[in-house]
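Peer 1: this one's structure only:
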C-alpha cells in the first residue's frame, strides 16, 4: 500500500541525495512529521488541544543529555539504543501529569498544558546540577564518518516517524480509537454510555508523549547542545500543531503532509531571505490563514472536494414511482 | 478511490518539495574569483541587536578590504544568512553554507550558545572557525582545534583585571565584605563565580550570593536581599538589563556600596548612563575587550572607517562591531602570511605566534581560548575609560564609589 | 520581619498591576468564551505605544492612557470581527486559542520589526524615586501604577454594573442564549466586550512599561502568569481574577524574598496545580457541563 511506497522512497533517499544539507533538511522534516503525527493522537483523535507537548520533547532531549553527563554511556550508536527506554520512561512519567491535566476540559486543559511547558522550562533552568541550567549540556559529538554523518540520525528519525504513524494507524482502527473519537464528539455522553474515557485519554497521552520524547532525544544527539530555552520551546508546539491543522487534523497522513510542506518552506525562507525579520509575522500569517480559510486542513478538504466530484458524476436515481408507472 | 488518491498526493507533494529544494542549489565553484566567506548571524530573534552590530563590523571590513585590493588580489564576498537566534537553524545554515554553497571560509555567529553547535559543524568539515562572540567556558570545553575566539581573553576571565586592581590597593582601602548577585546565563554567573573564588583568597568575606533566573525583570527583591548585610562591595555577574535594574534598585534603596562591579551593562558607553541616569554612573567598574581609544593595532583606522560609514560618535560603536572587524583583520593577516586560503594551513599557522588586531595582540591555547586579559574600565567624570592595567589605561582608577547622584 | 513586610508591600503593588492585566483576559473569556492568548502581546503593544508617546511627544504615560484606550478599543473590535467572529460556535473555544496565539506571534513579529529587540522602559522623572515610610521603601512609580490599575478596574466594574451596555455584557456572560432571547444583540456585545478587554490591555501596558523593562518577547512570560491567574480565579470571573492576581503577586514576592528568587516564578504554577487538583473550576468559577 501507499505506506510501503512512501517509506520505501524515504529509506532510499540518503543514497540518492548524498549532500549533507539535503539530509539535514530531511532530518528536521521527518522529526516534525513524527511530532505532528504523535500530537495528532491526542489533539486530533480525542480533541484535547495540548499546547505543552514541547515539554516532553525537552524532557526526552535532556534525558539523552543526562545519560551522557551522568552515566558512561559513551558515543556511537549506544544512545540510539537507549531511545526506546527514554520513550517508555517519559510515557510512564507523563501519566501523573496527564491525570492532573485531565481534571479539566477544553480551554482550561490547554492552559494547563501551556503552564506545564513553562514549568518544565523553568525546571530545566533551575535544576542546575542535573541540567546544567542556562549553560546547557554539551554532548560530545559521535565519531561517525563525515561523508555519512547524517545517516544514523536520518534513519533514527525515520524509525520514529514509522513508529508514530504505526501507533496512529493502529489506534485509529482499534477500540481505543473509537473511544477517543467518541470523547471528541461528546465526552460526557461517552462516559454515560460506559466508555472508559479516563483510561483512553491517559493511554493516548502517554503514547503521544513517549513518541515526542524519543524525537527529542534524537534531536539532542544531533544538535549536540541542549539549552532550556531551545529544548523546551513553545515554538516547537506551535509548529507541531500548525502542521497537523494544515495537513488535516484527525487523519493519518495529514500531519505528515503538513510537516513536509512547512519545514522545507520555513528553512528556505530563513535561509534565502537573509535578514528577514518578518519570520514571525510570516509564521503567524500562515497560521491564521490555515485556521480561517482551511480550518479542516488540506487532506480532509481535498477529500471533500473529491467526494463532491464523484457525487456529481453519478446520474441521479430515477424516481421509484416513475419507474413503476411506466 | 479517494483514499488512494490522498496517499499518492501526499507522496507526490513530498517528492515535489524535495526536487524543488534540490533544484534550487547553486553549486558552482569558480577556480579563482572572489573569496566566499559564509556567516550565520542572528538578524532576528533574541540576539538580533548584537547580531546586527556584528554584521555592521563584517560589512565594514569587507568593504574596506575590497576597496584596497582585496586579499591575495581577490575580492571578498560575504554570504550572511539569518539563524533567527536558534541553534537548529545555525546548524542547518553552516551545513548549507559548507556543503551546498561550498564557501571557501566561514566566520563565527553571535553568542556562545550558537557558536558551540556551529563550530562543531565547521570542525567536521575541517574549516577554520574564527569567531567574534563565543567566549563562554562551554565553547572551549569542546576541545576543538579549529576554533579561535577573537578577543583578548575568554569571558570567564573578564573580572581578573578588577581583582588585580584591588590587589594594588593598601589593605585598609580594600573591601572587607562582598555580595554576588548574578544572572543565570552561560557568561554572567561564571564571571562572578571566578571572581568570588579569587576574592575570597584575598580575604574578602562573602556575605551573600545568589543566581537569579534569566527572565527576572524586577531586580528589587534580589537587591534588597543583597544589601541586607551591608556589603562593602557588590560584584554582579550581569548582562545589560539586569545591570540597569540592579543600579536602579540600589538607587531606590538609597544604598551605595564602596565598590561596584558589573560584568556587563556598565560597559556600554551610551546605553548605561541613559538607562540609569548620568549622575549615577561614576565609580562603577566593568570589564571590556575593546575601547575606541585603545592603542591597539589598526584601531584608529577602524574607528575612522566606522564613523565614515555609519556616523555617530566613537562611543556609539558597539563592541560586537569591533570584534567582527578583528575577525576579518585576523583572517587577512594569516592568509597574506601563508599566501593561501587553505583552512588547515590557517588553523596550524594561527596556533603559533602572536597576532596584532584592534582587539589586542592575540594568541590562543590549543582549544581556541585566548591567552590575554580584558581591560578594567571605570566611569570617570561621566565617561567610560580603561583604567587598568596601567600600560593601556587612559585614566587613573579611583575608589571608593561616590554616593548616588554624584 | 522587615524583609517580610517589604516583600508584602512589593507583592501587593505588583499584584494590582497583574489584576488589571488579568481582568481583561477574564472579560474576554466571559463574553466570547475565547481565551485570548494574545492578551500578553496586546499589553506589550500598549507598553510600546505608551513608550513612544512619552519618548517622542513627551506625554506622560498616565495621560497617554486617555489617548490609547479608545484606540486600542477600536483595535480590539477590529480583531474580533476579523479573526474571531468567523470561527464557528462549536469550535470557537478550541480554535480561539490557536488563532489568538497566532495573533500574538504576529504582534510580536511586527513589534520586533518596528522597535527591534532592545529592552525599553518608559522612564519618567519619577521612575527612580521612592518614599520611605516607617523604614520601608516604596517605589513611587509602583504606587502610581497600582492606583491607576485600580482606578481603571473600578471604571470597568462601574461600566459593567451601571450601564445598559454593561448589563448586556453581564447577561451574555451568564447565559448567551437567554440573553439573546431577551433581545440582547450578543454579536455586538461580543465585539464590544472584546474591545473592552483589549482596552484594559492598553492601560495595563502603559502601567507595566513604567515599572518593568520590556521587549517584544516579554509577552510569553506575561501570558503564562495571566493564564495561571485566571484559571486560579475561575474562568470568566472578573472578581476572581482580581483576587487571584493579588494573591499571586503576594505569594511570588514572599517566595522570592524568603526562599529564593530562582524559584519564585514557580509559585504561580505550584499554586495553580494545587488548586486544580482540588477544585478544577478555580476559586470562583462555575462547573459547567463539558466546558470548564
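Peer 2: Thanks, I have the structure now. Predicted, not measured: the structure shown is a model, and the values here were computed from it.

Peer 1: got any ranges where chain A has weak pLDDT?
Peer 2: Scanning chain A for pLDDT under 70 picks out A:270-280, A:313-326.

Peer 1: tell me which element the spatially most central residue of it falls in.
Peer 2: With distances taken as C-alpha atoms, centre = their mean, residue A:35 lies nearest the centre of chain A, 1.7 Å away. Take DSSP states H and E as the rule and residue A:35 turns out to sit in helix A:20-43.

Peer 1: do that helix and chain B meet at all?
Peer 2: Yes - contact between helix A:20-43 and chain B, assessed by C-beta under 8 Å from any C-beta of the partner chain, occurs at A:20-22, A:24-25, A:28. For glycine as for every other residue, the C-beta is placed from the backbone atoms N, C-alpha and C.

Peer 1: Dump those to a markdown table, plus neighbour count.
Peer 2: As requested, the residues of helix A:20-43 next to chain B are arranged in a markdown table below (neighbours: other C-beta atoms under 10 Å in any protein chain shown):
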| residue | neighbour count |
| --- | --- |
| A:20 | 21 |
| A:21 | 24 |
| A:22 | 23 |
| A:24 | 26 |
| A:25 | 26 |
| A:28 | 21 |
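
Peer 1: Tell me where the stretch 101-250 of chain C is predicted with low confidence.
Peer 2: C:128.

Peer 1: could you pull out the strands for it?
Peer 2: Under the criterion DSSP state E, counting those that start in this stretch, the stretch 101-250 of chain C contains strands at C:130-133, C:136-139.

Peer 1: In this model residue A:226 seems to touch residue A:60, though I could be wrong.
Peer 2: No - at 10.4 Å, residue A:60 does not count as touching residue A:226 under the criterion of C-beta atoms under 8 Å.

Peer 1: overlap in contacts of those two?
Peer 2: Residues touching both residue A:60 and residue A:226 (C-beta atoms under 8 Å, 6 or more residues apart in numbering or on different chains) are residue A:220.

Peer 1: Tell me where the stretch 51-200 of chain B has helices.
Peer 2: B:87-95, B:112-124, B:137-141, B:160-168, B:188-201 (DSSP state H, counting those that start in this stretch).

Peer 1: scratch that, the stretch 101-250 of chain C
Peer 2: With DSSP H, counting those that start in this stretch as the criterion, the stretch 101-250 of chain C has helices spanning C:140-162, C:164-174, C:176-181, C:186-211, C:219-233, C:238-258.

Peer 1: and the first one, what does it pack onto?
Peer 2: Right, the one you point to is helix C:140-162. Other elements packing on helix C:140-162 under the criterion 3 or more C-beta pairs under 8 Å, 6 or more residues apart in numbering or on different chains; DSSP states H and E are helix C:2-32, helix C:61-79, strand C:130-133, helix C:164-174, helix C:186-211, helix C:238-258.

Peer 1: just to revisit the earlier point, can you give me every residue that contacts the residue nearest to the centre of chain A?
Peer 2: Residue A:35 touches A:53, A:57, A:211-212, A:215, A:236, A:239-240, A:259, counting by C-beta under 8 Å, 6+ apart.

Peer 1: Chain neighbours aside, what residue packs nearest to residue B:219?
Peer 2: residue B:245 (3.5 Å; C-beta to C-beta, 6 or more residues apart in numbering or on different chains).

Peer 1: neighbours of residue 179, just the number please.
Peer 2: In the absence of a named chain, this looks at chain A. Burial of residue A:179 is recorded as 22 neighbouring residues (other C-beta atoms under 10 Å in any protein chain shown).

Peer 1: please go with chain C instead
Peer 2: Other residues within reach of residue C:179, judged by other C-beta under 10 Å, total 20.

Peer 1: What separation is there between it and chain A?
Peer 2: 20 Å (C-beta to the nearest C-beta, to the nearest Å).

Peer 1: Give me the nearest residue to that residue, chain neighbours excluded.
Peer 2: residue C:171 is the one closest to residue C:179 (C-beta to C-beta, 6+ apart), at 4.0 Å.

Peer 1: Also residue A:165?
Peer 2: With C-beta to C-beta, 6+ apart, the residue lying closest to residue A:165 is residue A:37, at 5.5 Å.

Peer 1: Now for that neighbour, how many residues are close by?
Peer 2: 35.

Peer 1: Between the two ends of stretch C:131-140, how far is it?
Peer 2: 7 Å (C-alpha to C-alpha, to the nearest Å).

Peer 1: now what about it, what contacts it?
Peer 2: B:220, B:252-254, C:2, C:5-6, C:9, C:13, C:126, C:129-130, C:143, C:211.

Peer 1: just checking, residue B:349 touches residue B:338?
Peer 2: Yes - counting by C-beta under 8 Å, residue B:349 does reach residue B:338; the two are 5.4 Å apart.

Peer 1: which one of those two has more residues nearby?
Peer 2: residue B:349 (18 against 15).

Peer 1: Could you say which helix or strand holds that one?
Peer 2: Per DSSP H and E: helix B:343-350 holds residue B:349.

Peer 1: helices or strands up against that helix?
Peer 2: Helix B:343-350 packs on helix B:319-338, going by 3+ C-beta pairs under 8 Å, 6+ apart.

Peer 1: Let's see that with 10 Å instead.
Peer 2: strand B:105-107, strand B:129-131, strand B:147-149, helix B:319-338 (3 or more C-beta pairs under 10 Å, 6 or more residues apart in numbering or on different chains; DSSP states H and E).

Peer 1: and the last one, average pLDDT?
Peer 2: Looking at helix B:319-338 alone, the average pLDDT works out to 93.

Peer 1: again, but for stretch C:84-93
Peer 2: 73.

Peer 1: Tell me which residue of the stretch 51-200 of chain C lies closest to chain B.
Peer 2: Nearest to chain B, among the residues of the stretch 51-200 of chain C, is residue C:130, at 4.3 Å (C-beta to the nearest C-beta).

Peer 1: Return the residues in contact with that residue.
Peer 2: Shown in contact with residue C:130 (C-beta atoms under 10 Å, 6 or more residues apart in numbering or on different chains): B:220, B:249, B:251-254, C:136-143.

Peer 1: hang on, isn't residue B:165 packed against residue B:388?
Peer 2: Yes - contact between residue B:165 and residue B:388 holds when scored by C-beta atoms under 10 Å: they sit 4.6 Å apart.

Peer 1: joint contacts of the two?
Peer 2: Residues touching both residue B:165 and residue B:388 (C-beta under 10 Å, 6+ apart) are B:285, B:376, B:378, B:397.

Peer 1: Could you tell me how far stretch C:154-167 lies from the centre of the chain?
Peer 2: Centroid separation for stretch C:154-167 versus its chain: 18 Å, with C-alpha atoms, centre = their mean, to the nearest Å.

Peer 1: repeat for stretch C:100-112
Peer 2: 17 Å.

Peer 1: just stretch C:14-26 next, same as before
Peer 2: 4 Å.

Peer 1: And the residues of helix A:20-43 next to chain B, which is closest to chain C?
Peer 2: The closest of these, once distances to chain C are taken by C-beta to the nearest C-beta, is residue A:28, at 19.7 Å.

Peer 1: Point out the residues in the stretch 51-200 of chain B that sit beside chain C.
Peer 2: Proximity of the stretch 51-200 of chain B to chain C, by C-beta under 10 Å from any C-beta of the partner chain, involves residues B:51-52, B:85, B:181, B:184.

Peer 1: So which of these wins on neighbours?
Peer 2: Ranked by neighbours (other C-beta under 10 Å), those are led by residue B:51, which has 28 neighbours.

Peer 1: need the residues of the stretch 1-150 of chain C near chain A, please.
Peer 2: So the stretch 1-150 of chain C meets chain A at C:29, C:33-35, C:37-38, C:82-84, C:86-88, C:91-114, C:116-117 (C-beta under 10 Å from any C-beta).
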